[in-house]
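Trainee: fold the following.
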Amino acid sequence: MSEKEKIIDQIAEASGKTADAVREMVKLIDRVIGGPLEEAAGIWQDKLKYTRAVNQLKLRDRFQDHLARRGLSEPTRAVPLSFAVPLLQAATLEEDEYLRDMWAAMLTNAADERVEVELRRAFVSLLEDMTSLDAQILKVIGDAPPLDSYSEALQVGFYIGYLPEKAAPMDNSESGQPFPSKEVFLSVSNLLRLNLLRTSDTLDGIRKDLEVDLTYLGEELLRLCSTELEQGE
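Mentor: So this is what the prediction gives:
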């Protein structure tokens with residue numbers, strides 16, 4: 001395949017057009033600007049720049065809205081570049097609305113001096129490695145009422161078959177417990193990999209893969225991505 005055809009295929013894939021349509025577009029560009037084919041390849045770069053620019057505006061609007069709800073018009077803490085730069089890079093590539101709001105909340109908390117949190121770059125990497133379903137499952141578990149002392153003593157966790165609709169221990173009195181979907185299994189597996197969730201163990205030390213709970217790291221990530229003002233202790 002020639003270099004020209006490679007470029008055409010790349011543009012077609014990025015734009016969602018057919019290769020024939022892209023060829024006609026390339027011909028038009030050549031006629032109008034008299035430039036090399038590399039100029040046509042720049043269309044893909046322009047699309048990326050446009051997407052990031054739009055996402056930057058959406059992030060800014062959410063950031064300003066979160067600040068306003070806290071009675072702030074400007075940030076009250078300078079965010080270290082080592083944290084701010086990777087955060088902004090990741091956030092401006094995010095297309096999912098749910099995750100985009102978490103990025104805006106993370107930026108807001110980082111810029112609010114009242115929020116006592118360690119601004120580790122790892123938090124950016126963790127959120128970057130999550131899907132929208134991952135984030136929803138983590139938040140559902142984080143928002144669930146604490147397990148009672150009896151459940152804690154038995155090291156019972158939240159049954160993943162109820163996720164993402166609710167987080168609750170398995171109810172053995174129910175018949176036909178819902179089995180987790182493949183998507184939930186994948187999300188929980190990823191959250192376990194990221195050490196944001198942990199599995200429960202029986203009293204004999206046998207791991208129960210279908211019951212999970214938040215780790216301290218998971219709690220801190222949720223706190224950093226909270227839209228509410230949550231100050232550290």
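
Trainee: which elements pack onto the longest strand along the chain?
Mentor: Counting by DSSP state E, the longest strand found in the chain is strand 207-214. If contacts are counted by 3 or more CB pairs under 8 Å, 6 or more residues apart in numbering; DSSP states H and E, strand 207-214 sits against helix 132-143, strand 158-159, helix 182-193, strand 197-201. Just so you know, the C-beta spots here come from the backbone N, C-alpha and C atoms, and that holds for glycine as well.

Trainee: least trustworthy helix or strand in the protein by mean pLDDT?
Mentor: When each helix and strand of the chain is scored by mean pLDDT, DSSP states H and E, helix 149-153 comes last, with a mean of 51.

Trainee: which stretches of this protein aren't confidently modelled?
Mentor: 1-5, 7-8, 10-11, 14-16, 22-50, 148-156, 172-176, 201-207, 229-233 (pLDDT under 70).

Trainee: domain-wise, how is it divided?
Mentor: As given by automatic domain parsing, the domain ranges for the chain are 3-126, 129-224.

Trainee: present these as JSON lines; the columns should include mean neighbour count.
Mentor: Compiled in JSON lines, the domains of the chain are given as follows (neighbours: other CB atoms under 10 Å):
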{"stretch": "domain 3-126", "mean neighbour count": "15"}
{"stretch": "domain 129-224", "mean neighbour count": "16"}
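
Trainee: so what touches stretch 216-233?
Mentor: The contact list for stretch 216-233, computed with CB atoms under 8 Å, 6 or more residues apart in numbering, reads 66, 69-70, 101-102, 105-106, 108-110, 112, 114-117, 123, 126-127, 135, 138-139, 141-142, 191, 194-197, 214.

Trainee: now with 6 Å?
Mentor: 70, 102, 105-106, 109, 114, 116-117, 123, 126, 142, 195-196 (CB atoms under 6 Å, 6 or more residues apart in numbering).
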